[in-house]
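**Q** my questions are about this predicted structure, shown below with the sequence.
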Amino acid sequence: MHVRILAAPIALLAVALAGCSRTGEIDASGGITAVRSVCPSVGVPAATGDVTLFDPAGGRSADAIDVNAIITNVRSTCADGGDPIVTTVTFDVLARRSRTDAAREVVLPYFSVVTQGGTVIVAKRVNRVAIRFEAGQARARATATAASYVTRASATLPDDVRRQITRERKAGDQDAALDPLADPQVRQAVARATFETLVGFQLTDEQLRYNATR
């Protein structure tokens, strides 16, 4: 996913954050309904879901791998009954190390970002997760979290756009086969109200290149 960074505040601000989740269902009259949630979709951007540490730092061979960690089991809870809407993302970090002789703690930075329309980062926060290896232990696990706060108005489509998208369409209607998102104004309005919460490791340029080319 390609993104353009606009801002990276110390903490996530109250921003427009909404996910567009559509479920096509045929109703009793033969029409098709669509459901849109104010909660964000959640994911991990490509090439940021794992990180490899080397020893020595400049090494890139398999025998120089010190620690490898991955993000997995990403889940979210959304409190959408009030205003602002609060979304909490929780994920696990699974790590493996090569040398197991002594106890060790590895601290890895990770980010959480809010994107608008799938292309623009509107807020970013960097945090850290500590992974504890006991002596003789090659694998370890830790859990990390991120949170986003949204205003309901920003997560809501304008009434005219919502009606156009969710209007019942039946076979035989003149516009039954037309996708409402083919209208540029509708598509732009949906993009403005569509946000994602993404989490991943805060990688250096060299780490990103390694993930992208290995």
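**A** Thanks, I have the structure now.
**Q** enumerate every residue touching residue 90.
**A** Residue 90 makes contacts with 74-77, 143-145, as judged by C-beta atoms under 8 Å, 6 or more residues apart in numbering. Where you see a C-beta, it was placed from the backbone N, CA and C, and this is true even at glycine.
**Q** could you pull out the helices in the chain for me?
**A** Ranges of helices in the chain, per DSSP state H, are 159-166, 184-192, 205-213.
**Q** turn those helices into TSV, including mean pLDDT, mean neighbour count and distance to residue 61.
**A** Below are the helices of the chain laid out as TSV (pLDDT from 0 to 100; neighbours: other C-beta atoms under 10 Å; distance: least, C-beta to C-beta, whole Å):
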stretch	mean pLDDT	mean neighbour count	distance to residue 61
helix 159-166	76	15	53
helix 184-192	80	15	44
helix 205-213	93	13	12
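**Q** quick one: which of those helices is nearest residue 122?
**A** Checking the helices of the chain against residue 122 by C-beta to C-beta gives helix 184-192 as the closest, at 11.1 Å.
**Q** pull the closest one out as PDB, backbone CA atoms only.
**A** The C-alpha trace of helix 184-192 is given here as PDB (Å, rounded to 0.1, in the frame of the first residue of the first chain):
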ATOM      1  CA  PRO A 184     -17.100  10.500  -9.100                       C
ATOM      2  CA  GLN A 185     -18.800  12.600  -6.500                       C
ATOM      3  CA  VAL A 186     -20.200   9.600  -4.700                       C
ATOM      4  CA  ARG A 187     -16.800   7.800  -4.900                       C
ATOM      5  CA  GLN A 188     -15.000  10.900  -3.500                       C
ATOM      6  CA  ALA A 189     -17.500  11.300  -0.600                       C
ATOM      7  CA  VAL A 190     -17.100   7.700   0.400                       C
ATOM      8  CA  ALA A 191     -13.300   8.000   0.200                       C
ATOM      9  CA  ARG A 192     -13.400  11.100   2.500                       C
END
